[in-house]
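Asks: curious how this folds, go ahead:
(2 chains)
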Number of protein chains: 2
Amino acid sequence: PGDDMEILRGNALIGQSGGPTAVINQSLVGVVERALAAEPIQKVYGALHGIQGILDGKIVDLGQESRETLELVAGTPGAALGSVRRKPNEEDCRRILEALKALDVRYFFYIGGNDSAETAFILNQQALKQDYAVRLFHVPKTIDNDLEEMDHCPGFASAAKYVAQAIMGDNLDNEALPGIKIDVIMGRNVGWLTAASILARRHPGDGPHLVYVPEHGAIDPEAFIRRVRACVEQHGRCLIAISEGMRGRTGDYLVHALAGHYVKDLAQNFMKEQDSHGNVQLSGVGALGDLMVAYIKQELGEEMPKLRVRADTFGYPQRSFAGLVSEVDAREARDVGRHAVDVAVSGERPHGSIVILRKPGPQYASEYGVVDLEKLAQKTRLMPSSYLKGDDDIDDSYLEYVAPLVGPLPPQGTLKRVPVPGARAVSGA
Amino acid sequence: PGDDMEILRGNALIGQSGGPTAVINQSLVGVVERALAAEPIQKVYGALHGIQGILDGKIVDLGQESRETLELVAGTPGAALGSVRRKPNEEDCRRILEALKALDVRYFFYIGGNDSAETAFILNQQALKQDYAVRLFHVPKTIDNDLEEMDHCPGFASAAKYVAQAIMGDNLDNEALPGIKIDVIMGRNVGWLTAASILARRHPGDGPHLVYVPEHGAIDPEAFIRRVRACVEQHGRCLIAISEGMRGRTGDYLVHALAGHYVKDLAQNFMKEQDSHGNVQLSGVGALGDLMVAYIKQELGEEMPKLRVRADTFGYPQRSFAGLVSEVDAREARDVGRHAVDVAVSGERPHGSIVILRKPGPQYASEYGVVDLEKLAQKTRLMPSSYLKGDDDIDDSYLEYVAPLVGPLPPQGTLKRVPVPGARAVSGA
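Replies: Purely as a prediction, here's the structure:
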């Protein structure tokens, strides 16, 4: 429509989609506060559970919320409007547009990952077909950090902070009670979050000693066992960070490949469940960690019978743990929401995805831009190979990328451990 | 020996044992700083990995550590001296005493749980037999909170804070993307930690909706499914907090009972591994959560085919997450260490376990005491039945007990969600 560059008057509607994060409500409040202040926007509505709420007529008036409530909500994890995992088909889009028209919605902001960019893209095509003037913006969030065109995604840094602090603690725990420990970290196709585990390394010998991300390619079981054995010989222990989405040599997810050996039923019963975007369920199960423990015990159990082998799957706390956010992440999440409204109201372009870019320079600083929806929809940004080190580690250069996003981590003390001269072993008396 | 009430001159030795906590190093530093200042104590030594370090002659001089290092170490999770899970036999005890004599150790402080009280008790009996004057004190720690004679145990409140913040976040996540969610929380025989999940309830309808602790007795599978179904019908979702040590009707651990149905191999291969104190491994595996998901899907899958069912096992971050402590816990953990030295040096009694008691009164305050080692050794303190509510919940009176220990939790905002009058469902167009 030719009037896109002009002032478009009407109401705004906001929805949240996909897995919640620690800061997705910052983006919500960023959109709401800016939309409430925007002259061309009359009412500011929220759809409960994203497009599902639009289809169900579950729309709330966000202008009725107090400033105090909004500020508290901004600092609360989860998705305050409710979220959804639903990919609209053509019929859904037709109905959604019908609902937008009925409410005179001229600004639609959809906060989510690449699936949400895809939803906005499909909706926009329908709107163009029906010649309905609506400005459709995708406001990014994902702890996976896998959106194209962006330096990093809101939600990622807070999850990375969780991973760093969890691995810091687990490294100390593993040092205190040595053994082989596997920590399974979220990440279906990309390893940005798992890679953040190297923030936990403070001293030589600190874990994680091995880090496996999907970008390393398929894991080689024999090489894996060799590396674990060498690590135990060197450090007396081995802390392993691994992405839930690692694949085995057959190309299958590692969890399914290992399950074939150990627990066929479990794999068949519920591990291959898919969501409406075709994603296999990998989070919310501890199977990969358990199966890796079984595999390590099978391979190394005889030569290292006393060694503890344990696994934890960090799970949903990575994206939802209350009270743990990166300050940079919280600020940027708020700002992408505000920027989306500014761009939409300006009429600079009728639709798009907001992106965060890193300003060059020695000090960390970011700025915001906007790109076409299809640049993010259904695309996945892998870690560049320069951040990989061999086939089981992450390069230190990644720290320059991730550390400013995560911000300060807790201090950590270590004893000098000066040996007492007179002390002698009595065990072999 | 009759000289226990007199001044006993010599060196002090400190060890850490059992699973680390977020504040066990506070107790270490409490002992060290007070011992360094105690006139009758000359050198202050640390045993690396508890009694294993004594047997191996791995003893360090803690007088060589700077005050700055000690203060940093106090705030660091893990066990700075290294820990161990080893129950000494008679021969071990004979050798340990030999080592203590060689180093003129007259004060021995062992920081740990009830297994460590047992170790101190066995050592003390050997010392009496050999007529070697040594003051043996057990300094308590355990996230399980299951030591007898105490109001609560150092390490518990920080773990409870982790659980509360994780469940707060997961409740919001589950509200955003409704489904059945199971969170498996540490606790082999007792439910103190799992019960702390109710701190996450802020509003009516908040999870956890069902809470299962070992004190409830065996879980009844049919009743469980009925309650989950009723909860989903009422709230559209169900968040379940469950102790890893829940038992099934046969008296077996629930994880083993369920594994019999689904994954025999997994259970046989590694889930029945025991430590030297005879404890079956329950932490460091995600199996219980996964198996409960499989069970719920089997029972409810047909009538609720679209419902998400997920599980997380909170694992080691509960005891080791860096940068998350309860202030009360940190202070008390330091003070039990200090108190142990004070009692030992005073000669008030030659051995014992330090305990924390709650002072009566409207404001929370605690004080420290000392009891015989055998009062804690090999004993487990269950939650009193007054804290249980039915067979699947915790009574609100428990909040009065646990909230002052955990301290302030993150604020949380909730939208009013005022419906827009004109909004109508378009799904059934």
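Asks: contact partners for the spatially closest residue to A:Thr142 that is not a sequence neighbour?
Replies: Using Cβ to Cβ, 6 or more residues apart in numbering or on different chains and skipping the chain neighbours, the partner closest in space to A:Thr142 is A:Gly113 (4.0 Å). Every residue, glycine included, has its C-beta placed from N, CA and C. By Cβ atoms under 8 Å, 6 or more residues apart in numbering or on different chains, the contact list for A:Gly113 reads A:17-19, A:140-142, A:144, A:146-147, A:153.
Asks: buried ones among the residues you listed?
Replies: By neighbour count, with 16 or more other Cβ atoms under 10 Å in any protein chain shown, the contacts of A:Gly113 hold A:17-19, A:140-142, A:144, A:146-147, A:153 as buried.
Asks: relative to chain B, which of those is nearest.
Replies: Comparing these against chain B with Cβ to the nearest Cβ picks out A:Gly19 as the nearest, at 7.2 Å.
Asks: from memory the closest one sits against B:Leu177, does it?
Replies: Yes: using Cβ atoms under 8 Å, A:Gly19 is in contact with B:Leu177, at 7.2 Å.
Asks: between these two, what contacts are shared?
Replies: A:Ser83.
Asks: one step back: which one of the buried ones among the contacts of A:Gly113 is nearest to A:Val343?
Replies: When the buried ones among the contacts of A:Gly113 are compared for distance to A:Val343 (Cβ to Cβ), A:Pro140 wins out at 13.2 Å.
Asks: roughly how far apart are that closest one and A:Asn114?
Replies: Applying Cβ to Cβ, to the nearest Å, the value for A:Pro140 to A:Asn114 is 9 Å.
Asks: need the overlap of contacts for those two.
Replies: Taking Cβ under 8 Å, 6+ apart as the criterion, A:Pro140 and A:Asn114 both touch A:147, A:376.
Asks: what about chain A, any weak spots by pLDDT?
Replies: The model of chain A has pLDDT under 70 over residues A:1-5, A:260-281, A:283-284, A:427-429.
Asks: quick one: the helices in it?
Replies: Using DSSP state H, the helices of chain A run over A:24-37, A:51-56, A:67-74, A:90-102, A:114-129, A:156-176, A:192-195, A:221-235, A:254-262, A:264-266, A:287-300, A:317-320, A:327-346, A:397-406.
Asks: rewinding a little: farthest pair in the contacts of A:Gly113?
Replies: Pairwise distances across the contacts of A:Gly113 (Cβ to Cβ) peak at 15.5 Å, for the pair A:Ser17 and A:Asp146.
Asks: which non-adjacent residue is nearest the residue most central in space within chain A?
Replies: When Cα atoms, centre = their mean is applied to chain A, the residue found nearest the centroid is A:Ile143 (1.3 Å). Spatially, and ignoring its direct neighbours in sequence, A:Ile143 is nearest to A:Ala159 (3.7 Å; Cβ to Cβ, 6+ apart).
Asks: distance of that neighbour from chain B?
Replies: 12 Å (Cβ to the nearest Cβ, to the nearest Å).
Asks: and that residue, how many neighbours does it have?
Replies: Residues lying near A:Ala159 (other Cβ atoms under 10 Å in any protein chain shown) number 34.
Asks: cool, A:Ala322 as well?
Replies: A:Ala322: 25 surrounding residues under other Cβ under 10 Å.
Asks: quick check: phi and psi at it.
Replies: Here is the backbone geometry of A:Ala322 (degrees, to the nearest 10): phi -70, psi 130.
Asks: wait, it touches B:Pro411, no?
Replies: No: assessed by Cβ under 8 Å, A:Ala322 is found out of contact with B:Pro411, at 9.3 Å.
Asks: can you list residues touching both of those two?
Replies: Joint contacts of A:Ala322 and B:Pro411 (Cβ under 8 Å, 6+ apart) are A:Thr76.
Asks: need the contact list for the closest residue to chain B within chain A.
Replies: Residue nearest to chain B within chain A: A:Gly286 (1.4 Å; Cβ to the nearest Cβ). Counting by Cβ under 8 Å, 6+ apart, A:Gly286 touches A:184, A:311-313, A:315, B:285-287, B:289-290, B:311-313.
Asks: what sits up against stretch A:342-350?
Replies: Outside stretch A:342-350, the residues touching it (Cβ under 8 Å, 6+ apart) are A:1, A:4-8, A:34, A:38-41, A:107, A:109, A:133, A:135-137, A:352, A:354, A:370.
Asks: one more: stretch A:215-224?
Replies: For stretch A:215-224, contacts defined as Cβ under 8 Å, 6+ apart pick out A:190-191, A:212, A:246-251, A:254, A:295, A:382-383, A:385, A:387-388, A:391-392.
Asks: so which of these reach chain B?
Replies: Of the residues in the contacts of stretch A:215-224, proximity to chain B by Cβ under 8 Å from any Cβ of the partner chain holds for none.
Asks: show me which of those are buried.
Replies: Among the contacts of stretch A:215-224, the ones that count as buried by 16+ other Cβ under 10 Å are A:190-191, A:212, A:246-248, A:254, A:295, A:383, A:387-388, A:392.
Asks: switch these over to a markdown table; also include distance to B:Arg226.
Replies: Formatted as a markdown table, those follow (distance: Cβ to Cβ, whole Å):
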| residue | distance to B:Arg226 |
| --- | --- |
| A:Val190 | 42 |
| A:Gly191 | 42 |
| A:Tyr212 | 42 |
| A:Met246 | 39 |
| A:Arg247 | 40 |
| A:Gly248 | 40 |
| A:Leu254 | 37 |
| A:Tyr295 | 38 |
| A:Met383 | 47 |
| A:Tyr387 | 50 |
| A:Leu388 | 51 |
| A:Asp392 | 48 |
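Asks: tally of neighbours for A:Ile356?
Replies: Neighbourhood size, A:Ile356 [other Cβ under 10 Å]: 23.
Asks: do A:Gly10 as well
Replies: For A:Gly10, using other Cβ under 10 Å, the count is 18.
Asks: in this structure it contacts A:Leu100, no?
Replies: No: the pair formed by A:Gly10 and A:Leu100 falls short of the contact definition of Cβ under 8 Å, at 9.4 Å.
Asks: ramachandran coordinates for A:Met186?
Replies: phi -60, psi 150.
Asks: who's in contact with A:Arg319?
Replies: A:19-22, A:77, A:143, A:155, A:159, A:186, B:173.
Asks: thinking again about what came up before, the contacts of A:Gly113 in strands, which ones?
Replies: Per DSSP state E, strands hold the following members of those: A:Pro140.
Asks: could you dump the contacts of A:Gly113 into TSV with distance to A:Leu405 added?
Replies: Below are those laid out as TSV (distance: Cβ to Cβ, whole Å):
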residue	distance to A:Leu405
A:Ser17	23
A:Gly18	20
A:Gly19	19
A:Pro140	14
A:Lys141	14
A:Thr142	14
A:Asp144	14
A:Asp146	15
A:Leu147	14
A:Cys153	10
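Asks: which one among the contacts of A:Gly113 gets closest to A:Asp335?
Replies: Nearest to A:Asp335, judged by Cβ to Cβ, of these is A:Pro140 at 11.7 Å.
Asks: the helices of chain A: which one's closest to B:Ala195?
Replies: helix A:317-320 (18.6 Å).
Asks: quick one: contacts for A:Gln16?
Replies: Counting by Cβ under 8 Å, 6+ apart, A:Gln16 has contacts A:24, A:28, A:50, A:79-83, A:111-112, B:176.
Asks: so what pairs up with it in the strands?
Replies: Beta-bridge partners of A:Gln16, counted by DSSP bridges, are A:Ile111.
Asks: gap between it and A:Tyr212?
Replies: A:Gln16 is 31 Å from A:Tyr212, by Cβ to Cβ.
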